[in-house]
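A.B. asks: sequence plus predicted model, see below.
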There are 2 protein chains.
Amino acid sequence: MPVADVNNYASIVMTQLKQDILSGFFKPGEKLLMSRLKERYQVGISPLREALSQLLVEQLVVVENQRGFKVHPISLEEMHDIYRSRAQIEQLCIGLAIERGDDEWEATILACAHKMQKYADCIQSQPQEWERRHQAFHTAIASGCQSPTLLQVRRSLYEKASRYRNLWLNKNMPDSSVFAVNQQQHQDLITALLQRDTQLAQQLIAEHLLSPSLLLGKNDSLK
Amino acid sequence: MPVADVNNYASIVMTQLKQDILSGFFKPGEKLLMSRLKERYQVGISPLREALSQLLVEQLVVVENQRGFKVHPISLEEMHDIYRSRAQIEQLCIGLAIERGDDEWEATILACAHKMQKYADCIQSQPQEWERRHQAFHTAIASGCQSPTLLQVRRSLYEKASRYRNLWLNKNMPDSSVFAVNQQQHQDLITALLQRDTQLAQQLIAEHLLSPSLLLGKNDSLK
DNA sequence: AATTGCAATAATGTCGACATTTTAATGTTT
DNA sequence: AAACATTAAAATGTCGACATTATTGCAATT
């Protein structure tokens, strides 16, 4: 009756390991020792290798024959490619969502926006909860496209982008002026969506998503 | 000395198993018995589960707790979603390729087109080699976008679409009138690309990619 | 005859062990 | 002292075995 229908160890470990990579606990390029992973997640080798196999497809780890797994390395080129691609996918989702979205879609967007804005003050104290609401807001918008395929691609790119955000772009998070601009962008986006102004909404979302990555130009020093 | 730097069993099995699913050897929804897979690929359980874990992420298999793996089911809705999404991704790639493609890009397209057209007569006798050249032609075009991220998404969608092509849309393959139209579409596409006519090229590629799926309408009987 | 309960058969998911390969550590030679 | 060869240690990838869970087959009952 508690049920929980929890999955096997492999899927649990895969979720935890993904979080540890995205959060930066395991650094880019770092070797992932089986002995260490075994100890950290308290499982045997089999579910570990299954979890790593999944993250291999998602390009969060890399493998070399007989030399084990490493965290996928990062690069400025990859970051820009991911951010640009994500912006384009999001434009696609929004374009379709404006075509296909109904009243329920609009209502959910407004509901998520409300929950996000009510949390604006707590961004310092509970940043991860704010991030969840922020993500829920954007997901509500994109979900209107009603395309599982596009939404899956979108999720994958969000995850990869979040790693770069955690690693590189997080330093100026609590900048209140940047934050105010961000909130205004959300408002403008909602207005464009409700007016079904596809072109404007696509332009706004691209600016919104790309602005963090533009802080790191081609010739900035890293680390 | 023969070297071959071949990967581990898991990656070999994953490639073979993927082919068996895409080709339809393993039918949609079919249970994938470990005992059968062991016998077919001559490996133990560990590399098999790692291969299946990868195909799980690529959504070619599904898993149920304590009930093992099954081939991912198919549906008309999913087929249309995949085909539409693929067309949109391909439009993105082509739009960027027209922006970024150089002389080398143009030359490779023409080279691949030539090798494809020289094989037009052999489509009956060696259909899989023709399919390879056809794929190489389109990949050459898309590669001009120079975005690893988009190209990776594109490859994944190509694979999923090929399953539907093998399962449902292959019956009328050797229709010579359809084939002639196809060849003309390729020519028109090349012309549009060389003229850097983004809008026309995007329209042409969408028609080219979607035409097979349009043969199966919402209310056609399946199987 | 159909349904329920129970036993036996089979399949899954995980662990520990083993062979092979890589990495390090040490000693030897120029 | 630096470079090379050799040995020791550690890590990887795979297999077989085991406990747990699901499925099948059969008998008993209504």
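C.D. replies: Nice, I can see it. Numbers count the residues shown, from 1 in each chain, chains lettered A, B, ... in the order given.

A.B. asks: ramachandran angles for the most centrally placed residue in chain A?
C.D. replies: Nearest to the geometric centre of chain A sits residue A:158, at 2.9 Å (C-alpha atoms, centre = their mean). Main-chain torsions, residue A:158, degrees, to the nearest 10: phi -60, psi -40.

A.B. asks: just checking, it touches residue A:131?
C.D. replies: No. If you go by C-beta atoms under 8 Å, residue A:158 and residue A:131 don't touch, sitting 11.1 Å apart. Glycine gets a C-beta too; all of them are placed from N, C-alpha and C.

A.B. asks: all the helices of chain A, residue numbers only.
C.D. replies: Using DSSP state H, the helices of chain A run over A:9-23, A:34-41, A:45-57, A:76-100, A:103-117, A:127-143, A:148-167, A:176-194, A:198-214.

A.B. asks: thought residue A:54 was touching residue B:57?
C.D. replies: Yes. Using C-beta under 8 Å, residue A:54 is in contact with residue B:57, at 5.0 Å.

A.B. asks: which of these two has more neighbours?
C.D. replies: residue A:54 (24 against 18; other C-beta atoms under 10 Å in any protein chain shown).

A.B. asks: the lowest-mean-pLDDT helix or strand in chain A: which residues count as buried?
C.D. replies: In chain A, the helix or strand scored least confidently by mean pLDDT, DSSP states H and E is helix A:176-194, which has a mean of 90. By 16 or more other C-beta atoms under 10 Å in any protein chain shown, the buried positions in helix A:176-194 come out as A:182, A:185, A:186, A:188, A:189, A:190, A:192, A:193.

A.B. asks: so which residues on chain A come close to chain B?
C.D. replies: Proximity of chain A to chain B (C-beta under 8 Å from any C-beta of the partner chain) is limited to residues A:5-8, A:10, A:46, A:49-51, A:53-54, A:56-59, A:65-66, A:78, A:81-82, A:84-85, A:88, A:92, A:147-150, A:152-153, A:157.

A.B. asks: can you list the residues of chain A near DNA strand D?
C.D. replies: Within chain A, the positions lying close to DNA strand D (C-beta under 7 Å from any atom of the strand) are A:31-35, A:45-46, A:49, A:63-69.

A.B. asks: taking those, please make a PyMOL selection of just the buried ones.
C.D. replies: PyMOL command restricting those to the buried ones, with burial defined by 16+ other C-beta under 10 Å:
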select buried, chain A and resi 32+49+63+69
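
A.B. asks: ok, so of the residues of chain A next to DNA strand D, who is nearest residue B:125?
C.D. replies: residue A:65 (37.6 Å; C-beta to C-beta).

A.B. asks: look up how far residue A:107 lies from that closest one.
C.D. replies: 52 Å (C-beta to C-beta, to the nearest Å).

A.B. asks: ok, residue A:90 next?
C.D. replies: On the measure of C-beta to C-beta, residue A:90 and residue A:107 end up 21 Å apart.
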